[in-house]
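> Mind looking at a prediction? Sequence and model below.
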Amino acid sequence: MAETIHRALDAVYLACIWVAGACIFLMSLFIPWGIFARYVLGTGSQWPEPISILLMVIFTFLGAAAAYRAGAHIAVAMLTERMPPAVRGAMAFAVNVLMMLISVFMVYYGTSLCIGTWHQSIPALPWLPVGLTYVPVPLGGLVTLLFVLEFLLLGDQSQRDVVRFDLADESAEGAA
C-alpha cells in the first residue's frame, strides 16, 4: 500500500516539476517577445505580461509543493537547532500540522475564490475567466496537503529516489 502511494505521489511530484519548468521556459519566451514587440515593432502586445504573471503563479504554487516534498522548502532552523532532540521532533510535527492547516485553508478559500470570480474577465485577455487564474491556489494547496499527509504518515521522502516513469523501458519489457 505504501509503495502504491509513493508511486502515485512520485508521479504528482514529477508533474509539478515539469509544469513548473514549462512555466519558466514559456515565461522566458513571452517576456522577451513583449519587449521586442514594444521597442522594436512599436506595437506592444497585450498578452505577454498577464500570461507571464499567470505562469509565475502556477510555477510558485506547484513549485512550492514540489520543494516541500523534496525537503528544499524555506526553513529557518536557527531556533530548532538549539533545542533538545525531543523538542525538535515536537516542533517539526507542529510545523507539519500547521502546513496541513494552511493547505486546507488554500484549498477551501482558493476554491471559493475561483468560484466567486469565475464570471469576471481580465481586460487584456477577455477570453480568460479570472477564476481560472486562481486555480493554482487550491491546486497547489491540494498537492501540498497530499505531500504533508505523506510526510506525517509515511515519513520524509526527500532522501528517497523518485520512481522514474520511462515508457520506453516498459514497452521493451512487454515485448520481451
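In hand now; what should we look at?

> Report the contact partners of Arg160.
Residues near Arg160 by Cβ atoms under 8 Å, 6 or more residues apart in numbering: His6. Any C-beta I mention is one placed from the backbone N, CA and C, and that applies to glycine too.

> Assign the closest residue to Val143 other than its chain neighbours to helix, strand or coil.
Closest residue to Val143 apart from its sequence neighbours, by Cβ to Cβ, 6 or more residues apart in numbering: Ala65 at 4.1 Å. Ala65 falls in the helix class when you classify it by DSSP: H, G, I helix; E, B strand; the rest coil.

> Now do Ala65: how many residues are near it, please.
By the criterion of other Cβ atoms under 10 Å, Ala65 has 27 neighbours.

> any idea how far Phe25 is from it?
19 Å (Cβ to Cβ, to the nearest Å).

> State the helix or strand in which the spatially most central residue of the chain lies.
Computing the C-alpha centroid of the chain and ranking residues by Cα atoms, centre = their mean puts Leu62 first, at 0.7 Å. In the assignment (DSSP states H and E), Leu62 maps to helix 48-70.

> just to revisit the earlier point, the residue nearest to the centre of the chain: what's it in contact with?
Cys16, Val19, Ala20, Pro136, Leu139, Gly140, Val143.

> In these, find the pair that's most separated.
Ala20 and Leu139 (12.2 Å; Cβ to Cβ).

> for the helix or strand containing Val87, which positions count as buried?
Per DSSP H and E: Val87 is located in helix 85-117. Of all the residues in helix 85-117, those buried under the rule 16 or more other Cβ atoms under 10 Å are Asn96, Met99, Met100, Ser103, Met106, Val107, Gly110, Thr111, Leu113, Cys114.

> Which positions within the longest strand seen in the chain qualify as buried?
Across the chain, the longest stretch assigned as strand under DSSP state E is strand 125-129. Neighbour-count burial for strand 125-129 flags Pro129 (criterion: 16+ other Cβ under 10 Å).

> helices or strands next to the helix or strand following that strand in the packing?
The C-terminal neighbour of strand 125-129 among helices and strands, as given by DSSP H and E, is helix 130-133. Contacts defined by 3 or more Cβ pairs under 8 Å, 6 or more residues apart in numbering; DSSP states H and E place helix 130-133 against helix 85-117, strand 121-122.

> Not counting helix 130-133 itself, show me its contacts.
Leu54, Val57, Leu113, Cys114, Ile115, Gly116, Thr117, Trp118, His119, Gln120, Ser121, Ile122.
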